[in-house]
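In: Dropping a prediction and its sequence here:
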Amino acid sequence: MAIRIKNQKFYRTEDLVDILPLKLPSIQNYIRKGKIHAVKIGLFWYISESNLNRFLQGEYPTDKK
């Protein structure tokens with residue numbers, strides 16, 4: 001379930017499984033590699049809607065060197 005903070009929508013990593021054609025380990029791997037920007041709040045990782053859109057548009061690098 002997405003949450004709203006200051007008019008910005010945030011998704012938990014588990015939410016992205018329902019949105020993207022990816023499994024949870026792949027999403028977590030993309031976060032670790034910096035392909036999807038996420039922030040950790042408490043026990044959970046959150047991805048803003050704008051960062052999700054950047055990822056979908058290919059604005060993050062495909063390889064981190």
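Out: Done, it's in.
In: only C-alpha atoms for contact and neighbour calcs from this point on.
Out: Will do.
In: so where's the chain uncertain?
Out: 60-65 (pLDDT under 70).
In: Now do stretch 7-21: everything it contacts.
Out: 1-4, 22-24, 27-28, 44-49 (C-alpha atoms under 8 Å, 6 or more residues apart in numbering).
In: out of those residues, which are buried?
Out: For those, a neighbour count by 16 or more other C-alpha atoms under 10 Å gives the buried set as Leu24, Ile27, Gln28, Trp45, Tyr46, Ile47, Ser48.
In: Does the helix or strand where the second one lies pack against any helices or strands, and if so which?
Out: Okay, so that is Ile27. Ile27 belongs to helix 24-33 when assigned by DSSP states H and E. Applying 3 or more C-alpha pairs under 8 Å, 6 or more residues apart in numbering; DSSP states H and E, we find helix 24-33 packed against helix 13-19.
In: quick one: buried residues of the helix it packs on?
Out: Buried, per 16+ other C-alpha under 10 Å, within helix 13-19: Thr13, Glu14, Leu16.
In: Stretch 33-43 now?
Out: Lys35, Ile36, His37, Ala38.
In: Spit out the contact partners of the residue nearest the centre of the chain.
Out: Closest to where the C-alpha atoms of the chain average out (C-alpha atoms, centre = their mean) is Ile47, at 3.8 Å. Counting by C-alpha under 8 Å, 6+ apart, Ile47 touches Phe10, Tyr11, Arg12, Thr13, Ile36, His37, Ala38, Val39.
In: ok, back up a step: how about the buried ones among the contacts of stretch 7-21 in TSV, adding distance to Gln57?
Out: Shown next, in TSV, are the buried ones among the contacts of stretch 7-21 (distance: C-alpha to C-alpha, whole Å):
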residue	distance to Gln57
Leu24	20
Ile27	16
Gln28	19
Trp45	21
Tyr46	19
Ile47	15
Ser48	14
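In: sorry, back to before: centre of the chain to the helix holding Ile27, how far?
Out: Its chain's C-alpha centre and that of helix 24-33 lie 9 Å apart, by C-alpha atoms, centre = their mean, to the nearest Å.
In: Tell me what angle whatever helix or strand Trp45 lives in forms with helix 24-33.
Out: Following DSSP H and E, one finds Trp45 within strand 44-48. When axes from the mean of the first three to the mean of the last three C-alpha atoms, to 10 degrees is applied, the directions of strand 44-48 and helix 24-33 differ by 70 degrees.
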